[in-house]
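*Asks:* Attaching a predicted model along with its sequence, questions to come.
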Amino acid sequence: MKIATFNINNVNRRLPNLLRWLKSAKPDVVSLQELKASDAEFPSAAIEKAGYGAVWQGQKTWNGVAILARNAEPVLIRTALPGDAGDHEARYIEAAVRGIVVTSLYLPNGNPQPGPKFDYKLAWFKRLRAHAAKLLKQDVPVVLAGDYNVAPTPFDIYPTKSWDKDALIQPKSRAAFKALVDQGWCDAIRTLHPDDQMFTFWDYKRQRWPRDAGLRLDHLLLSPQVASRLAKAGVDRAIRGEEGASDHAPAWVVLK
């Protein structure tokens, strides 16, 4: 079973890229982020024609998350992260697919920091940790997949000082991610590739893709029941180099 996470950065604009990747990579489950489309604008017909059922939570202009399942219909569990009824940003969706609970989460960027956007990022992280702890207690197989907007360690970003003030690499951001993993989650890519940087994001600016000036922001965290099945993990880097590509590449795991 192959599960992937992909910040598509506008699902309608990148639809040809997405469909080509689905056809070639054949993931069984895909978590998408940054749909940048309302519910009505989600390209469900094209995705269904490609062989995927889908659930989604759209939002006009920004945000938006979805979960796709190959030759199956995801069973929707929730469309928002618990803990703040006043938070209406479309950043979290959760569904069951073939016996596994899968999320698509789009954690707040947090810039500029310090400030209210960074406070929102840390508060969102706190809510995620609370929900993740409950999922662990339920003793069910879970994959927390998505764009976490955190490069967890200095090894997860190319050598540079240009990002030093960015929310993606702040000590508090990294501490929040570590606290989540330390609950008992397996960082799949880092577990299988401890000595490879495995970038998933290359900004459009300053020739960062040609220079391989990337960051690892997209993660798949596995509960113990899923971690025991982990066989492979990787990043489909070549997708980032296509014409009209997202600034992210899909990260994925294969479960035995």
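*Replies:* Received the coordinates, thanks. Remember, it's a predicted structure, so these values are computed and weren't measured experimentally.

*Asks:* Got phi/psi on T191?
*Replies:* Its backbone dihedrals place T191 at phi -60, psi -40, with angles given as degrees, to the nearest 10.

*Asks:* That one: what's it in contact with?
*Replies:* Each residue near T191 by Cβ atoms under 8 Å, 6 or more residues apart in numbering is listed here: A227, L230, A233. The C-beta positions use only the backbone N, C-alpha and C, and glycine is treated the same way.

*Asks:* Find the nearest non-adjacent residue to the first one, please.
*Replies:* The one in question is A227. Distances taken as Cβ to Cβ, 6 or more residues apart in numbering place C186 nearest to A227, at 3.8 Å, with adjacent residues excluded.

*Asks:* hmm, back to that, any chance of a markdown table for the contacts of T191, columns neighbour count, secondary structure and distance to W62?
*Replies:* Shown next, in a markdown table, are these (neighbours: other Cβ atoms under 10 Å; DSSP: H, G, I helix; E, B strand; the rest coil; distance: Cβ to Cβ, whole Å):
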| residue | neighbour count | secondary structure | distance to W62 |
| --- | --- | --- | --- |
| A227 | 19 | helix | 33 |
| L230 | 17 | strand | 33 |
| A233 | 22 | strand | 29 |
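
*Asks:* Show me which of these is closest to P27.
*Replies:* Nearest to P27 among the contacts of T191, counting by Cβ to Cβ, is A233 at 12.6 Å.

*Asks:* Pretty sure that closest one sits against L255.
*Replies:* No. Because the distance of 10.0 Å does not satisfy Cβ atoms under 8 Å, A233 is recorded as not touching L255.

*Asks:* who touches both of the two?
*Replies:* Common neighbours of A233 and L255 (Cβ under 8 Å, 6+ apart) do not exist.

*Asks:* Show me which residues of stretch 76-83 are buried.
*Replies:* By neighbour count with 16 or more other Cβ atoms under 10 Å, stretch 76-83 contains the buried residues A80, L81.
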